[in-house]
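Q: sequence first, predicted coordinates after that:
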Amino acid sequence: MFDPRPLVDIATAIGREAGALVQRMRASAVVSFDTKSTSTDVVTAADRASEQLVRTRLSELRPGEPVLGEEEGGTVVEGLTWVVDPIDGTVNYLYGIPWYSVSIAAQLDGESVAGAVVEPATGRVWTAARGYGAFLDGTPLHVSATTDLSLSLLGYGFAYRPERRQRQADTWAAMATRVRDLRRAGAASLDLCSVAAGRLDAYAEHALGRWDWAAGG
């Protein structure tokens, strides 16, 4: 019988290594960056270095298993695929806001079965495996018991393309009078972890990349 728990240990160990690397790079110099889909969609040297580290370590510990990463691409295949966001919340990282993560998930036939979301700035580690629950530094997590939308705290996010962002802004504006309140923090993986911990009642965002939600989901 397939047991996903050992994959959590691997994701956690590698995530901690990558987290330490991006912290060192953040502290050592001015953060250098390029842009991707738009002028506001940034990628830093630390993003690339983190993904390289993750890929190298996975090739050593899980040789032959494919990797899908935000910066270097890849595809999800039948069987096991590792899905990596080397820095989720890169804009926060760029600005020195400590809400960002290294997110590593194992997906089996396209569905997440194990994952670790590491917060480099705090050292906290969120983990989960299918059938075994979710944890923050080993403490079990529980979602909110709220069932009334009007009493719900909703986390949300924005895309980088202006036309998509406008549609999202219209959606969130329409939701604002239907929920308790809205929160926008800037890292989907950590927002999903916040749902697992009951710190948010729900999270919604359109058109996330697989690497954004694979581990947090």
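A: That came in fine, so what should we check first? Residues are numbered from 1 along each chain as shown.
Q: switch to C-alpha atoms for all contacts and neighbour counts from now on
A: OK.
Q: what sits against the residue lying closest to Tyr156 once chain neighbours are set aside?
A: The spatial neighbour of Tyr156 that comes closest, neighbours along the chain excluded (Cα to Cα, 6 or more residues apart in numbering), is Ala204 at 5.1 Å. Residues in contact with Ala204, defined by Cα atoms under 8 Å, 6 or more residues apart in numbering, are Leu154, Gly155, Tyr156, Gly157.
Q: my guess is the last one meets Asp191, correct?
A: Going back to what we said before, that points to Gly157. No. With contact defined as Cα atoms under 8 Å, Gly157 does not reach Asp191; the gap is 9.2 Å.
Q: just to revisit the earlier point, could I get the contacts of Ala204 as CSV with pLDDT?
A: As requested, the contacts of Ala204 are exported to CSV (pLDDT from 0 to 100):
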residue, pLDDT
Leu154, 97
Gly155, 97
Tyr156, 94
Gly157, 91
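Q: out of those, which are buried?
A: Buried residues within those, counting neighbours by 16 or more other Cα atoms under 10 Å: Leu154, Gly155, Tyr156, Gly157.
Q: make TSV out of those residues and add distance to Leu200 and secondary structure.
A: Shown next, in TSV, are the buried ones among the contacts of Ala204 (distance: Cα to Cα, whole Å; DSSP: H, G, I helix; E, B strand; the rest coil):
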residue	distance to Leu200	secondary structure
Leu154	6	strand
Gly155	6	strand
Tyr156	10	strand
Gly157	13	coil
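Q: Ala134 and Ala214, how far apart?
A: 14 Å (Cα to Cα, to the nearest Å).
Q: actually Ala121, not the one I typed
A: Where Ala214 is concerned, Ala121 sits at a distance of 21 Å (Cα to Cα).
Q: for the two, indicate the residue with more neighbours.
A: Using other Cα atoms under 10 Å as the criterion, Ala121 and Ala214 rank with Ala214 on top: 28 against 17.
Q: wait, which of the contacts of Ala204 is closest to Val102?
A: Comparing the contacts of Ala204 against Val102 with Cα to Cα picks out Gly157 as the nearest, at 17.9 Å.
Q: for that closest one, list the residues it contacts.
A: Contact analysis of Gly157 by Cα under 8 Å, 6+ apart lists Arg184, Ala185, Gly186, Ala188, Ala204, Glu205.
Q: all good on my end, thank you.
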